[in-house]
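Novice: can't give you the sequence, but here's the structure:
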């Protein structure tokens with residue numbers, strides 16, 4: 001009879017899967033199928049472990065989702081705070097770093113599918129949605145709002161409603177991520193080139209925010 005020591009190393013390792021392997025499997029399924037349609041046994045199977053092994057780390061699908069967010073997105077917010085400190089005296093550079101950083105660390109990764117997931121299922125899972133709102137959306141908006149307020153205070157940006165403007169500024173970035181994980185993923189349509197899209201967006205954004213000698217009529 002084959003004992004544990006004689007089994008292939010890969011099989012033994014999968015039996016002792018790390019939580020990060022489980023959250024990676026969960027993220028891929030959440031994005032592919034949605035939160036409601038994903039079953040824990042599917043997550044376990046994709047990670048190559050038993051459902052019982054998954055329950056050693058996570059007691060529910062909600063707990064697994066929270067771990068996905070904490071592991072992949074919350075560290076990006078910490079990096080955003082570091083970036084804000086690095087560009088404290090240059091709001092234009094800070095704004096560019098925010099946009100590019102958001103895309104490279106979130107939008108252009110498997111986590112880029114999470115906004116689509118949350119928008120489609122928030123109403124059905126309000127506790128999960130509230131967690132995402134308070135732990136991800138609001139801190140992310142606060143960073144962007146601080147960049148805008150520093151620019152206005154320094155006379156670089158024209159006076160704007162900083163709370164309102166953050167909603168407006170995030171919309172094109174979210175659109176790019178939503179497009180990537182919807183039409184571009186399944187239909188024969190020209191994909192938007194992210195670099196070109198973000199460059200043009202940044203030019204339009206800065207032109208609209210910068211102080212000019214003569215403001216155009218509304």
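Specialist: Looks like it came in fine. Note that this is a predicted model, so its numbers are computed, not measured.
Novice: show me where this protein has its helices.
Specialist: 9-15, 19-33, 40-47, 51-57, 61-72, 74-86, 91-102, 114-121, 126-132, 138-153, 162-180, 183-186, 194-209 (DSSP state H).
Novice: to residue 108, which of the ones you listed lies closest?
Specialist: The closest of those to residue 108 is helix 194-209. By C-beta to C-beta, the value is 6.4 Å. Bear in mind the C-beta positions are built from the backbone N, C-alpha and C, glycine included.
Novice: tell me what angle the closest one forms with helix 91-102.
Specialist: The directions of helix 194-209 and helix 91-102 differ by 150 degrees, with axes from the mean of the first three to the mean of the last three C-alpha atoms, to 10 degrees as the criterion.
Novice: which elements pack onto helix 194-209?
Specialist: helix 91-102, helix 162-180 (3 or more C-beta pairs under 8 Å, 6 or more residues apart in numbering; DSSP states H and E).
Novice: turn those into TSV, columns for distance to residue 19.
Specialist: Output for these, formatted as TSV (distance: least, C-beta to C-beta, whole Å):
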stretch	distance to residue 19
helix 91-102	26
helix 162-180	25
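Novice: of the ones you listed, which stretch is the most buried?
Specialist: Of all the helices and strands packed on helix 194-209, helix 91-102 has the most neighbours on average by mean count of other C-beta atoms under 10 Å, namely a mean of 20.
Novice: now for it, which elements pack on it?
Specialist: By 3+ C-beta pairs under 8 Å, 6+ apart, helix 91-102 packs against helix 74-86, helix 138-153, helix 194-209.
Novice: contacting residues around that helix?
Specialist: 76, 79-80, 83-84, 86-88, 140, 143-144, 147-148, 150-151, 154, 156-157, 173, 198, 201-202, 205-206, 209-210 (C-beta atoms under 8 Å, 6 or more residues apart in numbering).
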